[in-house]
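Asks: make a model of this:
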Amino acid sequence: MAYPREVLNRLKWTRGESLDDASIWYIHRGAPGDLMEISGSVIKSLDRFYFETEDAVIPYHRIVRIDYRGKNLFLRIPKAPPAKAKKMGHLSRDRRESR
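Replies: So this is what the prediction gives:
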């Protein structure tokens, strides 16, 4: 599987391809569904750990999907949600009792 940074760099530097035709979905707290979609045309630079737009710096680990000319190039499948705090609290209490 290719990483988001690799996909975006390929689109930027490969002849005949363009970031302008890409749609990038990323985790954005506070947006509807905590996701935001932007066009690749708003990307100003691709750095080692993040990309920049005029309004934001977005780390690659927040990217969940990249589409290009109708094809999906990257899709991150979310992990299972973490254990509930209540359950974790019971584990902590059990550990204290066993000491």
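Asks: going forward, measure contacts and count neighbours with C-alpha atoms only.
Replies: OK.
Asks: wait, isn't E17 in contact with L11?
Replies: Yes. Between E17 and L11 there is a contact at 5.3 Å, judged by CA atoms under 8 Å.
Asks: for these two, indicate the residue with more neighbours.
Replies: Ranked by neighbour count (other CA atoms under 10 Å), E17 and L11 place L11 first, with 19 against 14.
Asks: wait, the more buried one sits on P4?
Replies: No. Between L11 and P4 there is no contact under CA under 8 Å: 10.7 Å.
Asks: can you pull the buried residues of stretch 50-65?
Replies: By 16 or more other CA atoms under 10 Å, the buried positions in stretch 50-65 come out as Y50, F51, V57, I58, P59, Y60, I63, V64, R65.
Asks: distance of Y60 from R15?
Replies: Taking CA to CA, to the nearest Å as the measure, Y60 falls 23 Å from R15.
Asks: then K79?
Replies: 35 Å.
Asks: repeat that for V42.
Replies: Distance from V42 to R15, by CA to CA: 19 Å.
Asks: neighbour-wise, which of these two wins?
Replies: When V42 and R15 are compared for neighbours, V42 comes out ahead with 13 against 8, by other CA under 10 Å.
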